[in-house]
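In: sequence and predicted structure, then a few things I'm wondering about:
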Amino acid sequence: MTIKIKNYIGRLLFYFVVTFIILYCVLPFVWQVLTSFKYDRDISKIPPLVPKIMTLDHYKNVFGFNNFNLYVRNSIVVSVATTFISLLIGSFCSYALARLRFRGKNTILGFTLAASMFPQIAIVSSLYLFFRQLKLINTVFPMIISYLIFTLPLSIWILTSFFKTIPVSVEEAAYIDGCTRFQMYSRILLPLAAPGIFTCGILVFIMAWNEFLFALTFTTSPASQTIPVGIAFFPQMYYVPWGDLAAATVVVTIPLIALVFIFQRKIIYGLTAGAVKE
């Protein structure tokens with residue numbers, strides 16, 4: 001009887017913790033959604049209950065804002081370019097680290113992880129001076145190049161673990177059939193590693209889409225600013241349009257949430273690949 005009571009209490013505690021974590025993560029976004037449908041006079045009311053009268057004015061203001069389309073376009077260009085370059089370079093590096101035999105592989109992986117741990121604020125000033133010398137400020141190129149500092153190590157770590165899960169016998173069979181090293185990589189390993197590459201691509205895309213500090217530092221005009229920077233400039237001198245901010249946040253977050261929900265199985269599979277040896 002005592003054991004059953006302990007098991008019941010353990011399950012109850014587990015479900016309580018899980019529920020608390022879910023609410024902790026979900027409630028801020030729910031609050032933003034409710035705020036985006038409220039009139040300005042109702043936004044400051046506590047608790048943030050569902051408004052009796054809803055409005056779409058905030059969404060009209062966001063989509064009616066001329067620069068918002070520019071922000072979306074720039075974010076798409078920067079995120080897609082960063083994802084493509086990270087996967088291209090990261091897949092080559094990961095294949096070499098997973099398959100080729102040479103000294104210092106673990107050291108390289110360690111330095112790769114260390115590079116991603118540097119705080120952005122510690123390197124942003126030197127990067128700004130570098131890009132200013134190249135006259136690239138107020139273009140999308142500084143953002144794409146600087147984002148690789150953090151997205152490339154992530155790609156290398158994920159893809160290296162994934163390439164290690166592919167049996168070496170597959171490559172040996174291809175080698176016997178006359179494939180070169182590049183043909184084995186491009187025609188055999190890449191298709192087999194597609195789930196890991198897809199997972200890595202989604203994570204890199206989300207990182208690039210949400211990045212703020214570099215985008216704020218390297219751009220000063222709406223023609224090159226991304227969505228996070230554009231939303232940050234919504235507030236005016238004497239007025240903060242909380243409803244418009246909430247609506248813009250919802251608009252740019254929903255596609256990411258939908259992307260994760262649609263491909264959550266592939267994401268989980270890609271992240272856990274290599275965690276357990278068969």
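Out: Nice, thanks for sending it over.
In: which stretches of the stretch 51-200 of the chain have low pLDDT?
Out: Across the stretch 51-200 of the chain, residues meeting the criterion (pLDDT under 70) sit at 66.
In: for it, what spans make up the strands?
Out: For the stretch 51-200 of the chain, no strands are identified by DSSP state E, counting those that start in this stretch.
In: quick one: the helices in the stretch 151-278 of the chain?
Out: Here the stretch 151-278 of the chain has its helices, by DSSP state H, counting those that start in this stretch, at 168-176, 181-183, 190-192, 194-210, 213-218, 227-232, 242-262, 264-272.
In: buried ones in the fourth one?
Out: Which is helix 194-210. Of the residues in helix 194-210, those buried by neighbour count under the rule 16 or more other Cβ atoms under 10 Å are 195-197, 199-210. Quick note: C-beta positions are derived from backbone N, CA and C, even for glycine.
In: what's the angle from that helix to helix 242-262?
Out: For the pair helix 194-210 and helix 242-262, the angle between their directions (axes from the mean of the first three to the mean of the last three Cα atoms, to 10 degrees) equals 170 degrees.
In: could you export helix 194-210 as CSV, CA atoms only?
Out: Presented in CSV, the C-alpha positions along helix 194-210 are these (Å, rounded to 0.1, in the frame of the first residue of the first chain):
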residue,chain,number,x,y,z
ALA,A,194,18.7,14.1,-44.8
PRO,A,195,16.8,13.9,-41.5
GLY,A,196,19.7,15.3,-39.6
ILE,A,197,20.4,18.0,-42.3
PHE,A,198,16.7,19.0,-42.3
THR,A,199,16.7,19.2,-38.5
CYS,A,200,19.8,21.3,-38.4
GLY,A,201,18.4,23.6,-41.1
ILE,A,202,15.3,24.3,-39.1
LEU,A,203,17.3,25.1,-35.9
VAL,A,204,19.7,27.4,-37.9
PHE,A,205,16.9,29.1,-39.6
ILE,A,206,15.2,29.9,-36.3
MET,A,207,18.4,31.2,-34.8
ALA,A,208,19.0,33.5,-37.8
TRP,A,209,15.4,34.6,-37.9
ASN,A,210,15.4,35.7,-34.2
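In: and the nearest residue to Leu127 once chain neighbours are set aside, how far from Leu136?
Out: Of all residues beyond its chain neighbours, the one nearest Leu127 is Ser146 (5.6 Å), with distances taken as Cβ to Cβ, 6 or more residues apart in numbering. When distance is defined by Cβ to Cβ, to the nearest Å, Ser146 is 10 Å away from Leu136.
In: identify the contacts common to the two.
Out: Contact criterion Cβ atoms under 8 Å, 6 or more residues apart in numbering; residues bridging Ser146 and Leu136 by contacting each: Phe218.
In: tell me which of the two has more neighbours.
Out: Neighbours per residue, other Cβ atoms under 10 Å: of Ser146 and Leu136, the larger number sits with Ser146, 24 against 15.
In: quick check, that one in contact with Phe214.
Out: Yes: taking Cβ atoms under 8 Å as the definition, Ser146 is a contact partner of Phe214 at 4.7 Å.
In: which neighbours do those two share?
Out: In contact with both Ser146 and Phe214: Leu127, using Cβ under 8 Å, 6+ apart.
In: with respect to Lys105, which of the buried residues of helix 194-210 is nearest?
Out: Gly196 (18.5 Å; Cβ to Cβ).
In: which non-adjacent residue is nearest the closest one?
Out: Closest residue to Gly196 apart from its sequence neighbours, by Cβ to Cβ, 6+ apart: Phe162 at 3.2 Å.
In: what strand or helix carries Phe16?
Out: Phe16 is located in helix 2-36, with elements delineated by DSSP states H and E.
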